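Asks: I need the structure of the sequence given here:
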Amino acid sequence: MDLSLIQKDILITLISLYHQYSHPIKSEVIADIIRRNPGTVRNQMLALKVLGLVDGIPGPKGGYQPTARAYSELNVSSDYSESEVVLQKNGEKVEGVRVHEIAFTTLTHADLCHALIKIIGNVRSFEVGDKITIGPTPLNKLLIKGEVFGKDEINSALLISTSEMTSLPKKQIREYMSSPLIALEPDMTLAYAMKTFLQRRIHGAPVVENGILCGIVTLTDVISALDREMPTTSLVSEVMVTRVISMPADMRLYEVIKQFKEQDVGRVIVTDEGKPVGILTHSDIIRVFPSL
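Replies: Model prediction:
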């Protein structure tokens, strides 16, 4: 069937939001995203309902949800796992938008590489000149960076000039961690901790007692304590941070990169069967993947 541009916008946005939140979507929410009058969207929803493309769910928590026919009409798989590719604009994740297909158009050109990015969501939220990052993709963990130089609103696609393409490392983090683990004990002094940091040329270490991870202390923690005039004989347990982020040794590096960014941390403790065996720092990741 021939859908109008606004009907495609509404339907694509509905599918994206429905899979993001797993509940019916109100027409006002869609209107806000696609920057249309709420009354216009409500009227179009009625038309889409008559066409069998949406179902209306009554009640205070009701709204609209796409039908199987909607996926078929837009040539989108209802198995949304294939669309779990994140798109960032100017460094921020674009909510309600997922990458559906990536097609490279000028790979053989010596000086440039263009790509056509089909998305599930509102293409109008992007402008020419926007810096975007796509990925990592599910299979080969490809990360693509580039700039928007055009839009195809009819097919909900972005035209980008790529500046960088990298396949993220897929090895387990045990391959990149620093080991054997340099650890401190809770009853060690700040003087001993400072000496360890300087001799080993490290900026932090986990605090372990009887094989159990109980905290972490950094060079900044020790210096801050000394600035507060705590004696150098004070114990590590008095300044350590008990909230420690740890990750299993068999976790893949590309998964950890996301955690570093989301939690804004500089290091994580690597564990094997619950016991600390190494440490992975932001510097370790930069050495593997300097473009991050």
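
Asks: wait, residue 165 sits on residue 144?
Replies: Yes. Counting by C-beta atoms under 8 Å, residue 144 is a contact partner of residue 165 at 5.2 Å. C-beta here means a position set from N, CA and C on the backbone, and glycine is covered the same way.

Asks: for those two, indicate the residue with more neighbours.
Replies: residue 144 (24 against 16; other C-beta atoms under 10 Å).

Asks: residue contacts, the closest residue to the more buried one other than its chain neighbours?
Replies: Once flanking residues are discounted, residue 144 sits nearest to residue 134: 4.4 Å by C-beta to C-beta, 6 or more residues apart in numbering. When contacts are counted by C-beta atoms under 8 Å, 6 or more residues apart in numbering, residue 134 touches 85, 86, 87, 88, 99, 102, 117, 143, 144, 145, 146.

Asks: same check on residue 223?
Replies: Contacts of residue 223 by C-beta under 8 Å, 6+ apart: none found.

Asks: which parts of the longest strand along the chain are buried?
Replies: What stands out as the longest strand in the chain, according to DSSP state E, is strand 92-104. Residues 94, 96, 97, 98, 99, 100, 102 are the ones in strand 92-104 that count as buried (16 or more other C-beta atoms under 10 Å).

Asks: what's the closest of these to residue 241?
Replies: Of all the buried residues of strand 92-104, residue 94 has the smallest distance to residue 241: 33.6 Å, by C-beta to C-beta.

Asks: residue 40 - how many residues pack around it?
Replies: Residue 40, neighbours per other C-beta under 10 Å, totals 14.

Asks: report pLDDT for it.
Replies: At residue 40, the predicted lDDT confidence score is 92.

Asks: touching, it and residue 31? I think so.
Replies: Yes. The criterion here is C-beta under 8 Å, and residue 40 meets it with residue 31 at 7.4 Å.

Asks: would you reformat the contacts of residue 134 as TSV and include distance to residue 247, secondary structure and pLDDT?
Replies: Shown next, in TSV, are the contacts of residue 134 (distance: C-beta to C-beta, whole Å; DSSP: H, G, I helix; E, B strand; the rest coil; pLDDT from 0 to 100):
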residue	distance to residue 247	secondary structure	pLDDT
85	23	coil	78
86	20	strand	80
87	26	strand	86
88	23	strand	88
99	26	strand	83
102	29	strand	82
117	31	strand	88
143	20	strand	80
144	26	strand	86
145	26	strand	89
146	30	strand	91
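
Asks: doesn't residue 132 make contact with residue 91?
Replies: No. Counting by C-beta under 8 Å, residue 132 is not a contact partner of residue 91; they are 9.6 Å apart.

Asks: between these two, which is the more surrounded one?
Replies: Per other C-beta under 10 Å, whichever of residue 91 and residue 132 has more neighbours is residue 132, with 21 against 8.

Asks: so residue 133 bridges to which residues?
Replies: residue 88, residue 145 (DSSP bridges).

Asks: picking up where we left off before, chain center to the longest strand of the chain, what's the gap?
Replies: 12 Å (C-alpha atoms, centre = their mean, to the nearest Å).

Asks: ok, and what's touching it?
Replies: 13, 16-17, 19-20, 33, 76, 80, 82-88, 113-122, 125-126, 134-135, 137, 144.

Asks: which among the residues you listed count as buried?
Replies: 13, 16-17, 19-20, 33, 76, 80, 83, 85, 87-88, 113-122, 125-126, 134-135, 137, 144.

Asks: return the subset of those residues lying in helices.
Replies: Judged by DSSP state H, helices contain the following of the buried ones among the contacts of strand 92-104: 13, 16, 17, 19, 20, 33.

Asks: contact partners for the last one?
Replies: Yep, that's residue 33 we're talking about. Counted by C-beta under 8 Å, 6+ apart, residue 33 has contacts 13, 17, 96, 122, 125.

Asks: next one: the third one
Replies: Going by C-beta under 8 Å, 6+ apart, residue 17 touches 25, 29, 30, 33, 96.

Asks: how far away is the closest residue to residue 249 other than its chain neighbours from residue 210?
Replies: Nearest residue to residue 249, sequence neighbours excluded (C-beta to C-beta, 6+ apart): residue 174, at 4.0 Å. Residue 174 sits 23 Å away from residue 210, going by C-beta to C-beta, to the nearest Å.

Asks: the more surrounded of these two?
Replies: residue 174 (17 against 6).

Asks: that one and residue 253 touch, don't they?
Replies: No. Between residue 174 and residue 253 there is no contact under C-beta under 8 Å: 9.9 Å.
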